[in-house]
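Novice: Pasting a predicted model and its sequence here:
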Amino acid sequence: MQTSAKPNSPSTSEAGFTLIEVMTALLIASMLAGAVLLLWPGESMIVRSTAEKLAARLTTAADESVLANRQIAVFVTTQGYGFERREADGWRRLDGNSALAFEAWPASTSAQIEKPAATERADGRIAFLDPLGGATPMRIVIGNTVKWIVEIDGEGAVHANPSD
């Protein structure tokens, strides 16, 4: 007497995955992993965004100096950078909810002041933005292996460019 396969059980040729199915799954997984790695912020992206943010904030500070008719100073420390405004009773740090509040350097990102010399002022103020639109020339190099340069010229124009 012959026995037949049960109608609900798969035959041996239908069990498991085909080579095409396995290769397709591996292709999709590798494409997803590649996309994640490409979008992961590397050092160059972090340094670039830090330099562009500093340049934008310097432009904002220059505009604030003109609008408020007050001199604004840029100060830099090893932890980060910020801005101070000259008031009638002295310098006041712009903190709190201000767009010019202190900003910390990202982890493992360094900043080196090239102009003016870092030893010129003990208070950390490296540049002054005046109410007439002028500024103290300043140059900061941001980054370790990948470097960006943020500069302010005497007319108050701000530039952020990759280092050659």
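Specialist: Yep, that arrived.

Novice: Would you map the helices across this protein?
Specialist: Under the criterion DSSP state H, the chain contains helices at 19-39, 43-68.

Novice: Out of those, which is the most enclosed?
Specialist: Stretch with highest mean neighbour count among the helices of the chain: helix 43-68 (a mean of 18; mean count of other Cβ atoms under 10 Å). Quick note: C-beta positions are derived from backbone N, CA and C, even for glycine.

Novice: Give me the helices and strands touching it, please.
Specialist: Packing contacts for helix 43-68, counted by 3 or more Cβ pairs under 8 Å, 6 or more residues apart in numbering; DSSP states H and E, involve strand 72-76, strand 80-87, strand 103-104, strand 125-129, strand 138-142, strand 148-152, strand 158-162.

Novice: can you pull the alpha-carbon coordinates of stretch 142-157 into CSV?
Specialist: C-alpha atoms of stretch 142-157 as CSV (Å, rounded to 0.1, in the frame of the first residue of the first chain):
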residue,chain,number,x,y,z
ILE,A,142,38.5,74.6,14.0
GLY,A,143,39.3,70.9,13.9
ASN,A,144,42.1,68.4,14.3
THR,A,145,42.7,66.5,11.1
VAL,A,146,39.9,68.2,9.1
LYS,A,147,40.2,71.9,9.6
TRP,A,148,37.9,74.9,8.8
ILE,A,149,38.9,78.5,9.2
VAL,A,150,36.4,81.2,10.5
GLU,A,151,37.5,84.8,9.8
ILE,A,152,36.2,88.2,10.5
ASP,A,153,37.8,91.1,8.6
GLY,A,154,38.1,94.8,9.6
GLU,A,155,34.8,95.6,7.9
GLY,A,156,32.9,93.0,9.8
ALA,A,157,32.5,90.4,7.0
